[in-house]
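A.B. asks: Below: sequence and its predicted model.
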Amino acid sequence: MKLSTIEYVIREVFFSFRRNSWMAIASVSTVAVSLFVFGMFLVIVMNMSKMINSLESQVEISVYLQDSAAKAQIGRIEEQIASMQGIAEVRFVDRDTALARFKERLGEQQFLLDALGDKNPLPNGFEVRAHRPDMVKTAAAAISRIEGVETVKYGQDVVEHLFDITRLIRIFGLALMVLLAGATLFIISNTIRLTVIARRKEIAIMKYVGATDWFIRWPFLLEGIVLGCFGGLVAAGVLWVVYRMITAKVYETLAFFPLIPAHPFLVYILLVILVCGVLIGALGSTISLKRFLKA
Amino acid sequence: MIEMKDVSKIYENGAVALEHVSVEIGKGEFVFIVGASGAGKSTFIRLLFREVLPSDGTLSVNGYDVIAMSHGDVPYLRRSLGVIFQDFRLLPDKTVFENVAFAMQVIEAPRRRIQHSVNAVLDIVGLRDKYKCFPSQLSGGEQQRVAIARAIVNNPALVIADEPTGNLDPETSWEIMDIFKRINSSGTTIVMATHDKHIVDTMKRRVIAIEDGHIVRDEAQGVYGYEA
């Protein structure tokens, strides 16, 4: 593209904004609102994902050993479990510790254990954590086949429930994002279409005198990109302030709530919003021009 | 210059505008296309710059195969010719100079050449001193002269005019025709659709008469042939 053409394109865009300044402001604001909601949702989904992930990873496998297992055998079993794929941590819990914990949990009803006298009915065991929650099931099955292991238990229902919830949130989030992207696209392409219609005569004349499609397209494309970019900037700015405020508040009052820290997480989100704005702007103007360039 | 062989145009609604039309127009000719409204005159004109595509036949304009050419090549066909309309089609928010320069801008001509060529064609149409005016400040005849300047500023080999005097009074129409004559005498082919009996009869140029989608008459020094 020649320098004079670039100058022409920029002048046309500037001129269009001046002529339709209210329309431009209106579409920048709508784009900003959509992208803000989109960004907010992205932030929420990612935070929930993180929370669920940390919950999921806390699901433990309890391994109970046969009473006949000797010390050496216990060591071997521990090594065997630790060397399995996807195992994050293996902790030995001897029967005395297990009993102490059990007593603690019973609290005031400890007297129930008095009937046992000095006998400890609890077996030695391991507490095993997997790297990823979807590994829990296979790991549990594998462990149960090790010689000397009596039974293996894990929160099967809990894990599967959490899975369902995560999946649901992700699908819902994706659907909402697609919907919002569609709405934003519609708004931008409508705004550009107004400019295109206002300049229909000009486009027709450009075609009569032999302008190429790209020459006609550039000013509108740039207009869409600028609209989307400005909308994205506004959305990103507002989201930045809002997220900062929320994290500050949460850290103050609900310190245990694991929000993702603003830096660098938020920077990525803001970049995504900006890129989305630009892409949607470009796509919107392409859509609205298509019909006019056909003939 | 223009070679039309067995061309038909049937619109999507089934209306037959042209049927098996064959005609050749050579370089430097000045041709009037005459006929009643709805006879196919306008379609004939619009085929030449590919605003409509023929349904059948072959058509070559300025060496471009109008039917086989790709969408991306259409701008280059249009750069090789100039088009003038009855309603001038100027841009109201651009000055006379800018309106003419626009035709060079869109084909990315260098700025210095734009300045030079626009001044030259404004001289030809006699509007050099009104280069700063907006179309709304000009008379109909002056506006059409701006449109002519825009059509010829890229030195096309062919100028196509669709009823260029249709909105003008007789005296102004003659001013326009004088400009056309001058352009034609420099070797540019002119194809002009018109209703103006007086102009056609006085100019004594080639006349192609279209009726019901057929060429019914093609005379080297023809007359309008209908009652005005």
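C.D. replies: Structure's in. What do you need?
A.B. asks: ok now do A:Tyr8, which residues does it touch?
C.D. replies: By C-beta atoms under 8 Å, 6 or more residues apart in numbering or on different chains, the contact set of A:Tyr8 is A:219, B:105. To be clear about C-beta, it is placed using only N, CA and C from the backbone, and glycine gets the same treatment.
A.B. asks: And for B:Gly28?
C.D. replies: B:184, B:187-189.
A.B. asks: Inside strands: which ones of those?
C.D. replies: Those of those mapping onto strands are B:Thr189, per DSSP state E.
A.B. asks: Which one of the contacts of B:Gly28 is nearest to chain A?
C.D. replies: Chain A has its nearest neighbour among these in B:Thr188, at 16.0 Å by C-beta to the nearest C-beta.
A.B. asks: So if we follow the domain assignment, how does the chain break up?
C.D. replies: Looking at chain A here, since you left the chain open. Listed by automatic domain parsing, the domain ranges of chain A are A:3-55+A:161-294, A:60-154.
A.B. asks: Hmm, no, I was thinking of chain B.
C.D. replies: If you go by automatic domain parsing, the domain ranges for chain B are B:1-80+B:156-228, B:90-155.
A.B. asks: okay if I get those as TSV plus mean pLDDT?
C.D. replies: Shown next, in TSV, are the domains of chain B (pLDDT from 0 to 100):
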stretch	mean pLDDT
domain B:1-80+B:156-228	92
domain B:90-155	94
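A.B. asks: where in the stretch 1-150 of chain A is pLDDT low?
C.D. replies: Low-confidence segments of the stretch 1-150 of chain A, defined by pLDDT under 70: A:52-58, A:133.
A.B. asks: Correct me if wrong: B:Ala220 contacts B:Arg206.
C.D. replies: Yes: because the distance of 5.5 Å satisfies C-beta atoms under 8 Å, B:Ala220 is recorded as touching B:Arg206.
A.B. asks: Looking at those two, which one has more neighbours?
C.D. replies: With neighbours defined as other C-beta atoms under 10 Å in any protein chain shown, B:Ala220 and B:Arg206 compare such that B:Arg206 has more, 18 against 9.
A.B. asks: for the residue nearest the centre of chain B, what are its contacts?
C.D. replies: With distances taken as C-alpha atoms, centre = their mean, B:Ile160 lies nearest the centre of chain B, 1.8 Å away. B:Ile160 makes contact with B:45, B:48-49, B:81-84, B:191-192, according to C-beta under 8 Å, 6+ apart.
A.B. asks: Can you say which helix or strand has B:Ala209 in it?
C.D. replies: If you go by DSSP states H and E, B:Ala209 is part of strand B:206-211.
A.B. asks: partners of that strand, with directions?
C.D. replies: Next to strand B:206-211 in the sheet, as set by DSSP bridges, lie strand B:30-34 (parallel), strand B:214-219 (antiparallel).
A.B. asks: ok so, going back, turn the domains of chain A into CSV, including distance to B:Val7.
C.D. replies: Formatted as CSV, these follow (distance: least, C-beta to C-beta, whole Å):
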stretch, distance to B:Val7
domain A:3-55+A:161-294, 21
domain A:60-154, 69
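A.B. asks: pLDDT on stretch A:249-261, on average?
C.D. replies: Averaging pLDDT along stretch A:249-261 yields 74.
A.B. asks: What's the end-to-end length of it?
C.D. replies: 13 Å (C-alpha to C-alpha, to the nearest Å).
A.B. asks: Contacts for stretch A:170-185, please.
C.D. replies: Identification of contacts with stretch A:170-185 by C-beta under 8 Å, 6+ apart yields A:30-31, A:34-35, A:37-38, A:41-42, A:44-45, A:49, A:231, A:276, A:280, A:283-284, A:287.
A.B. asks: which ones among these are found in strands?
C.D. replies: Short answer: these have none in strands (DSSP E).
A.B. asks: Just give me the residue closest to the centre of chain A.
C.D. replies: A:Met46 (3.1 Å).
A.B. asks: check the contacts of B:Gly28 against chain A, which are close?
C.D. replies: Counting by C-beta under 8 Å from any C-beta of the partner chain, nothing from those sits close to chain A.
A.B. asks: now the contacts of B:Gly28 in JSON lines, with neighbour count?
C.D. replies: Formatted as JSON lines, the contacts of B:Gly28 follow (neighbours: other C-beta atoms under 10 Å in any protein chain shown):
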{"residue": "B:Asn184", "neighbour count": "17"}
{"residue": "B:Gly187", "neighbour count": "9"}
{"residue": "B:Thr188", "neighbour count": "22"}
{"residue": "B:Thr189", "neighbour count": "22"}
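A.B. asks: Which pLDDT value goes with the residue in the stretch 51-200 of chain A positioned nearest to chain B?
C.D. replies: For the stretch 51-200 of chain A, the residue closest to chain B is A:Arg199, as judged by C-beta to the nearest C-beta, at 9.1 Å. Note for A:Arg199: predicted pLDDT of 81.
A.B. asks: what's the single longest helix in the chain?
C.D. replies: Picked chain A for this. Determined from DSSP state H, the single longest helix within chain A is helix A:156-198.
A.B. asks: nope, chain B
C.D. replies: Longest helix in chain B, counting by DSSP H: helix B:170-185.
A.B. asks: From the contact counts, what lies against it?
C.D. replies: strand B:30-34, helix B:111-124, helix B:140-152, strand B:158-162, strand B:189-193, helix B:197-203 (3 or more C-beta pairs under 8 Å, 6 or more residues apart in numbering or on different chains; DSSP states H and E).
A.B. asks: Please name every helix or strand in contact with the fifth one.
C.D. replies: In this case it means strand B:189-193. Going by 3+ C-beta pairs under 8 Å, 6+ apart, strand B:189-193 lies up against strand B:30-34, helix B:41-48, strand B:158-162, helix B:170-185.
A.B. asks: So what's the gap between the longest one and the chain middle?
C.D. replies: Think helix B:170-185. Counting by C-alpha atoms, centre = their mean, to the nearest Å, helix B:170-185 is centred 13 Å from the centre of its parent chain.
A.B. asks: Pull up the residues of chain B that are close to chain A.
C.D. replies: With the criterion set to C-beta under 8 Å from any C-beta, chain B comes near chain A through B:49, B:51, B:71-72, B:75-79, B:83, B:89, B:91, B:102-103, B:105-108, B:110-111, B:150, B:154.
A.B. asks: Give me the buried entries from those.
C.D. replies: Restricting those to buried positions leaves B:49, B:51, B:75, B:77-79, B:83, B:89, B:91, B:102-103, B:105-107, B:150, B:154, with burial counted as 16 or more other C-beta atoms under 10 Å in any protein chain shown.
A.B. asks: Show me these that map onto strands.
C.D. replies: Among those, the residues falling in strands (DSSP E) are B:Val83.
A.B. asks: Out of the buried ones among the residues of chain B next to chain A, flag the one nearest to A:Gly148.
C.D. replies: B:Pro75 (82.8 Å; C-beta to C-beta).
A.B. asks: For the closest one, which residues are in contact?
C.D. replies: Residues near B:Pro75 by C-beta under 8 Å, 6+ apart: A:207, A:210-213, B:107.
A.B. asks: now do 7 Å
C.D. replies: Residues near B:Pro75 by C-beta atoms under 7 Å, 6 or more residues apart in numbering or on different chains: A:210-212.
A.B. asks: repeat for B:Arg89
C.D. replies: B:Arg89 neighbours (C-beta under 7 Å, 6+ apart): A:201, A:205, B:147.
A.B. asks: hmm, who's touching the helix or strand containing A:Val128?
C.D. replies: Using DSSP H and E, A:Val128 falls within strand A:125-130. The contact list for strand A:125-130, computed with C-beta under 7 Å, 6+ apart, reads A:60-65, A:78, A:81, A:86-93, A:98, A:136, A:139, A:143.
A.B. asks: Please pick the buried ones from these.
C.D. replies: By 16+ other C-beta under 10 Å, those give A:60-65, A:78, A:81, A:87, A:90, A:93, A:98, A:136, A:139, A:143 as buried.
A.B. asks: Export stretch A:67-87 to CSV, keeping only CA atoms.
C.D. replies: Extracted in CSV, the C-alpha atoms of stretch A:67-87 (Å, rounded to 0.1, in the frame of the first residue of the first chain):
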residue,chain,number,x,y,z
ASP,A,67,-2.2,-56.9,59.9
SER,A,68,0.3,-59.6,58.8
ALA,A,69,2.4,-57.1,56.9
ALA,A,70,5.8,-56.7,58.5
LYS,A,71,7.9,-53.5,58.7
ALA,A,72,10.0,-54.5,55.7
GLN,A,73,7.0,-55.3,53.6
ILE,A,74,5.4,-52.0,54.6
GLY,A,75,8.5,-50.2,53.3
ARG,A,76,8.3,-52.1,50.0
ILE,A,77,4.7,-51.3,49.5
GLU,A,78,5.4,-47.6,50.1
GLU,A,79,8.1,-47.7,47.5
GLN,A,80,5.8,-49.5,45.1
ILE,A,81,3.0,-46.9,45.5
ALA,A,82,5.4,-44.0,45.3
SER,A,83,6.9,-45.3,42.0
MET,A,84,3.5,-45.5,40.3
GLN,A,85,2.6,-42.9,37.7
GLY,A,86,0.7,-39.8,38.8
ILE,A,87,1.3,-40.2,42.5
